[in-house]
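Novice: any chance you could fold what I've pasted below:
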Amino acid sequence: MSLLVKKIEKGKWLQNDIVRGEDISADAITNCMKTTNNTLSMWRIDDEGQIDEAVLAIVSAHQHLDAFDVVWVKINQLEEYGISMQDTPGITPIADLVDSHVNIVNLTYRSLGKVANCIVKCFSDSSVKRYTYGSLKKLLERAIESGRLEVKRIAPSVAEKLS
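Specialist: Numbering: from 1, shown residues only. Sure thing, here's the model as predicted:
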């Protein structure tokens, strides 16, 4: 079952008790679900065992190395809501991950709310994971050691923190 991974700020989502039905905070929507041209960027993986791959695609394009959280949503759950998706090359220096990027497209106020509801379900299903500074550093270092990532292709502020 394919999944989509999204970087979020867990604290923004947990400002209210969303698991027990309280409203999602506006901060969660405006900070974690920022859209461009009515699209929302996510990374596709085949199963939970590949979450690190999506995180590697995300962190390798960052300007700074800071801890963050991710959620993973079942694609079929989004499809049940009528959410449209489109494969789009991702912005990442990891060449073999560029094609695992997906945009959720044609978003409106209502459909963005449906995506937000799917993210709320991630909290109920424990489909949320924190990546620490150290774990992100290890992901990047392994990618460099294996030849998947060239140091010159990442931000200098990130490269200087790697061994």
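Novice: and the strands in the protein, which stretches?
Specialist: Counting by DSSP state E, the chain has strands at residues 3-8, 40-45, 68-74, 84-87, 101-105, 128-131.
Novice: which residues touch residue 52?
Specialist: Under the criterion of CB atoms under 8 Å, 6 or more residues apart in numbering, the neighbours of residue 52 are residue 139. Where C-beta positions appear, they are placed from N, C-alpha and C, glycine not excepted.
Novice: ah, wrong one, I meant residue 47
Specialist: Residues in contact with residue 47 (CB under 8 Å, 6+ apart) are 1, 3.
Novice: about what we covered before: and the strands of the chain as CSV, adding mean pLDDT, distance to residue 112 and mean neighbour count?
Specialist: As requested, the strands of the chain are exported to CSV (pLDDT from 0 to 100; distance: least, CB to CB, whole Å; neighbours: other CB atoms under 10 Å):
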stretch, mean pLDDT, distance to residue 112, mean neighbour count
strand 3-8, 98, 13, 22
strand 40-45, 98, 7, 22
strand 68-74, 97, 13, 21
strand 84-87, 97, 12, 13
strand 101-105, 98, 9, 21
strand 128-131, 98, 19, 17
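Novice: dump these to a markdown table, plus distance to residue 159.
Specialist: What follows is the strands of the chain, written out as a markdown table (distance: least, CB to CB, whole Å):
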| stretch | distance to residue 159 |
| --- | --- |
| strand 3-8 | 20 |
| strand 40-45 | 22 |
| strand 68-74 | 18 |
| strand 84-87 | 29 |
| strand 101-105 | 23 |
| strand 128-131 | 18 |
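Novice: pretty sure residue 86 sits against residue 103.
Specialist: Yes. Taking contacts as CB atoms under 8 Å, residue 86 lies within contact range of residue 103: 5.2 Å.
Novice: okay, and the common contacts of those two?
Specialist: residue 39.
Novice: sorry, back to before: which of the strands of the chain sits closest to residue 144?
Specialist: With CB to CB as the measure, strand 128-131 is the member of the strands of the chain nearest residue 144 (17.2 Å).
Novice: how far off centre is that closest one?
Specialist: Offset of strand 128-131 from its chain centre (CA atoms, centre = their mean, to the nearest Å): 10 Å.
Novice: stretch 87-97 too?
Specialist: 13 Å.
Novice: residue contacts, residue 112?
Specialist: Contacts of residue 112 were listed using CB under 8 Å, 6+ apart, and they are 29, 33, 35, 40.
Novice: any idea of the pLDDT on the closest residue to the third one other than its chain neighbours?
Specialist: Nearest-residue entry for residue 35: residue 107, 5.7 Å, with adjacent residues in sequence omitted and distances by CB to CB, 6 or more residues apart in numbering. Listed pLDDT for residue 107 reads 97.
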